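Novice: Generate a structure from the sequence data that follows.
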Amino acid sequence: MTGLDPHRNPGQFRAPEALGPVDAGLAANIIAASADIALIIDREGVIRDLACSEADISPSAYQSWVGQPWIETVAEDSQAKVNRILEDARDTVMVSWREINQRTTATGQDLPIRFSAVRLAAEGRILAIGRDLRAIATLQQQLVGAQQAMEREYARLRHAETRYRLLFQIASEAVLIVDAATHRIVEANPAAGALMAEPPNRLVGRELSKLFVTDGWPAVQTLLATVRVAGWAEDVRAELLADENEALVSASLFRQDSGSLFLIRMSRAGGGGQDVSESRMLEVVHKLPDAFVVVDENRRILGVNASFLDLTQLATEQQVIREPLDQWVGRPGVDAGLLIQNTKEHGTVRNFSTVIRGQYGTDEDVEVSGVAAAFGDAKCYGFMIRPIASRFPFEAQSNLDLPQSVEQLTGLVGRVPLKDIVRQTTDVIESLCIEAALEVSGDNRASAAQMLGLSRQSLYAKLRRLEIGDQESGGDS
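Specialist: Numbers count the residues shown, from 1 in each chain. Here you go, the predicted structure:
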């Protein structure tokens, strides 16, 4: 050991002689314990020995390095760095750290290792000390992946916002974005500016109530309150302050960041005669004794009349709005889809037999007629639902009430479990065969039993169970 070196690296020991005499074995143990990988390299750059403290690196991955030039055990992009490390180690005591991609023989993959080197006194050899960078490399890859995902998401949001802005600007219908807490206008499209006879930017920041006459604002205020609670409400008519003409106002609620916003749509109300005619028609539909329902292309209910509520055992229209039609009409996932598909393909559908399920478990056979209609750029479908219990007296039979035809059995599908239908089908077949045998044999029970391959006792038991004829009468010879 030597004294203090005035030119020493500040990161080195100030008094290395404090370590005392250290033999080669102890030094080897210290190096192996402190470094992930340590290489002993001779003056020709050949690896003479190595130590690896990383338990997850298989010995077969690095044992073949011994006896090979260090430069041949690394990736091509790291060979220049190896030459630089060896050259610096011959000129200085300690060289700076460099990242080397060390090749493994077991998997053919590269190990990212950060190497530094120290010149040894013996025979000009060099000690290369390495730190495993795989954990850091993995974190870097994850960081790069996260950054790329963020960039893709940002691009997707930017494109979505561009499409939204374009639709918002070119929409022919007046659209306002209104803060749900303050009722102040946040955004307005050009159509809204045209409706109000003002530039759209002058509408921003104004209270929504200032767009309507005093008598018209309460209806809009009720509309917003209903949408806030129920998520949906019927359109209302309100007189605009700009020209004192009525506008049809609709609203929907959505969340953005930590607040809520209303999307308000407004359009001019039609002529008086047409409005009265449409109102009368809607009133008639609402009071029809047959149920009526309107759904969108996703089978979500847009509107119903009072008779539909009676059939489904519901109290208010709000309980069904935006709910799937499958929840009440037909076999789940089957009948409603067939209705929509047939109506979409043919324009109309008539006398479609199905069942309507009440909220409290009751089932009722119904016939459905429907029609497809345009609803803006999309389609909607209207269905008239009529109970048919009086025309088809057979209901879902109990185990004792036997169906008498195949048509009756198929009518049970969706209302009676399959095992009950199979059992009733078996009873129908037995009944038909026994009645045919009795008719052929002239009501001779013995002959009928022989024709059916049954004993007379079995035949009598089936006659009693199926309640066919007078079980005690009939000839036995």
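Novice: what's around Arg464, how many residues?
Specialist: Close neighbours of Arg464, defined as other Cβ atoms under 10 Å, add up to 11. For every residue, glycine as well, the C-beta is placed using N, CA and C.
Novice: So it: helix, strand or coil?
Specialist: helix (DSSP: H, G, I helix; E, B strand; the rest coil).
Novice: Could you report the distance from the residue nearest to Ala191 when sequence neighbours are not counted to Arg84?
Specialist: With sequence-adjacent residues excluded and distances taken as Cβ to Cβ, 6 or more residues apart in numbering, Ala191 is closest to Ala174, at 4.5 Å. Distance, Ala174 to Arg84, using Cβ to Cβ, to the nearest Å: 71 Å.
Novice: These two: who's more crowded?
Specialist: Per other Cβ under 10 Å, whichever of Ala174 and Arg84 has more neighbours is Ala174, with 24 against 14.
Novice: For that one, give the beta-bridge partners.
Specialist: Met266 (DSSP bridges).
Novice: what's the pLDDT at it?
Specialist: Predicted confidence (pLDDT) for Ala174: 90.
Novice: Give me the contacts around stretch 370-387.
Specialist: 288, 290-297, 302, 307-308, 311, 329, 339-340, 343-344, 347-349, 352, 356, 364-369 (Cβ atoms under 8 Å, 6 or more residues apart in numbering).
Novice: Narrow these to those in strands?
Specialist: If you go by DSSP state E, the contacts of stretch 370-387 have 291-296, 302, 348-349, 352, 356, 364-369 in strands.
Novice: Quick one: the helices in the stretch 51-200 of the chain, in order.
Specialist: 79-91, 134-170, 190-196, 200-203 (DSSP state H, counting those that start in this stretch).
Novice: if we can go back for a sec, show me what contacts the residue nearest to Ala191?
Specialist: 188-189, 191-192, 194-196, 247, 265-267.
Novice: just Glu161 next, same as before
Specialist: Glu161 neighbours (Cβ under 8 Å, 6+ apart): none.
Novice: what ranges of the stretch 351-477 of the chain fall below the confidence cut-off?
Specialist: 375-377, 389-416, 470-477 (pLDDT under 70).
Novice: can you give me the strands in it?
Specialist: 363-375, 378-387 (DSSP state E, counting those that start in this stretch).
Novice: May I see the buried residues of the first one?
Specialist: When burial is assessed from 16 or more other Cβ atoms under 10 Å, strand 363-375 yields the following buried residues: 365-370, 372.
Novice: What is the nearest of the residues you listed to Ala180?
Specialist: Nearest to Ala180 among the buried residues of strand 363-375, counting by Cβ to Cβ, is Ala372 at 35.3 Å.
Novice: what's the distance between the closest one and Asn351?
Specialist: 17 Å.
Novice: do the same with Met451
Specialist: 42 Å.
Novice: Same check on Leu282?
Specialist: Counting by Cβ to Cβ, the gap from Leu282 to Asn351 is 25 Å.
Novice: Look at the two and report which has more neighbours.
Specialist: A direct count of neighbours by other Cβ under 10 Å for Leu282 and Asn351 places Leu282 higher, at 12 against 9.
Novice: Next, the contact list for the most centrally placed residue in the chain, please.
Specialist: Nearest to the mean C-alpha position of the chain, by Cα atoms, centre = their mean, lies Asn298 at 15.4 Å. Contact analysis of Asn298 by Cβ under 8 Å, 6+ apart lists Pro324.
Novice: How about Pro59?
Specialist: Here Pro59 is in contact with Cys52 (Cβ under 8 Å, 6+ apart).
Novice: same question, Val295
Specialist: 301-302, 325, 340, 380-381, 383.
Novice: For beta bridges, what are the partners of it?
Specialist: Under the criterion used (DSSP bridges), Val295 bridges to Ile301, Tyr381.
Novice: Can you give me the separation between it and Phe308?
Specialist: Taken as Cβ to Cβ, the span from Val295 to Phe308 is 11 Å.
Novice: domain ranges for the protein?
Specialist: 16-132, 171-269, 274-387, 406-466 (automatic domain parsing).
Novice: and the shortest one, how far out from the chain's middle?
Specialist: In this view, domain 406-466 has its centroid 51 Å away from the chain centroid, taken as Cα atoms, centre = their mean, to the nearest Å.
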